[in-house]
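In: give me a model of this one.
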Amino acid sequence: MKVAVMGAGAVGCYYGAMLARAGHEVVLIGRPPHVDAVRAKGLRLETKAFDEQVRLDASTEASAVQGAGLVLFCVKSTDTELAAAQIEPHLAADALVLTLQNGVDNDERVRSVLPRHEVAAAVVYVATEMAGPGHVKHHGRGELVIAPSRTCEQVAQHLAAAGVPTQISDNVRGSLWAKLVLNCAYNALSAITQLPYGELAKGQGVDDVIRDVVDECLAVAKAGGIVIPGDTGAAVRAIVQTMPSQYSSTAQDLARGKPSEIDHLNGFVVRRGEALGVPTPANRVLLVLVKLLEGKQQQKSGL
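Out: Next comes the predicted model:
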């Protein structure tokens, strides 16, 4: 199977490399420094179990999705519509576009741009980071929950065979909300403090803030008719045990001076709360603080 990764950041590189190791033809689509490094030496995939150079293709052009039966759509939520429009002229008619992104509505946004193509959402549970051009580090987990589609069974089998546990669920929207709750609980706090989850959780009063944030998210979800599966409280607590050394993606963005996805995390909850008449003061404070830090960085860089 040919696989294209649109948006070759840490998440896309991890899953692309795992599929390439299993023998699939994979092309990463990303920025020039990263693409150049992968073309020269392959992608270094560093995990707790192995550390190896994975040979695969790389390109800076969206046209590289041509011929792919599976497109792992991994761009930042802020770039969703633009990236979908870039790949649209080059997509195979039978390609599945699988969105592996933060937030709960990216598949709907991609589908609005690609109405003639099959688009499905995936919920991603993985701790990864880019350690430099052509180098991705895997810190833990890696499972996916994907929505039903015409080829979902085949795709799930390929992923599982590549070492990626994959579940097909009829309630991916609820699972996306479950992931959103985790992101809202930890991402902004990790970004503001520049602390990994394990250290963050030791802070005085942090548990209370996280509880307030989670309660607001659950109230907004309930008001919107979303059924969140599983034990949310247990999932929130488990993050500290399963990913103690992980910095949130928002923290990594701020550390590198990049815009974050905060508008699609706590910001999304604030907007939905406003629309549904649900107060979200804790989420609003975290949103505002991260936006202030982003603005401060832009001023420093002269943007």
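
In: C-alpha from now on. contacts and neighbour counts both.
Out: Noted.

In: how about the CA coordinates for the longest strand along the chain, as CSV?
Out: In the chain, ranked by residue count with DSSP state E as the criterion, the top strand is strand 118-132. Taking C-alpha atoms only, strand 118-132 is exported to CSV below (Å, rounded to 0.1, in the frame of the first residue of the first chain):
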residue,chain,number,x,y,z
GLU,A,118,-13.6,9.5,1.6
VAL,A,119,-12.5,11.2,4.8
ALA,A,120,-12.4,9.6,8.2
ALA,A,121,-11.3,10.8,11.7
ALA,A,122,-8.8,9.1,13.9
VAL,A,123,-8.1,9.6,17.5
VAL,A,124,-4.4,9.5,18.3
TYR,A,125,-2.8,8.4,21.6
VAL,A,126,0.9,8.8,21.2
ALA,A,127,3.8,10.7,22.8
THR,A,128,6.3,11.9,20.2
GLU,A,129,8.5,14.8,19.5
MET,A,130,10.8,16.0,16.7
ALA,A,131,14.4,15.9,18.0
GLY,A,132,15.7,17.6,14.9
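
In: for the stretch 151-300 of the chain, which spans come out with low pLDDT?
Out: Within the stretch 151-300 of the chain, no stretch has pLDDT under 70.

In: can you pull the phi/psi pair for Pro244?
Out: The phi/psi pair for Pro244 (degrees, to the nearest 10) reads phi -60, psi -30.

In: if we can go back for a sec, can you check what angle separates the helix or strand just after the longest strand of the chain from strand 118-132?
Out: The C-terminal neighbour of strand 118-132 among helices and strands, as given by DSSP states H and E, is strand 135-146. Angle, strand 135-146 to strand 118-132, by axes from the mean of the first three to the mean of the last three CA atoms, to 10 degrees: 160 degrees.

In: which strands and helices sit next to whichever strand or helix holds His34?
Out: Element membership for His34, per DSSP H and E: helix 32-41. Secondary-structure packing of helix 32-41 (3 or more CA pairs under 8 Å, 6 or more residues apart in numbering; DSSP states H and E): strand 57-59.

In: give me the distance from the strand it packs on to the chain's centre.
Out: Per CA atoms, centre = their mean, to the nearest Å, the displacement of strand 57-59 from the mean C-alpha position of its chain is 21 Å.
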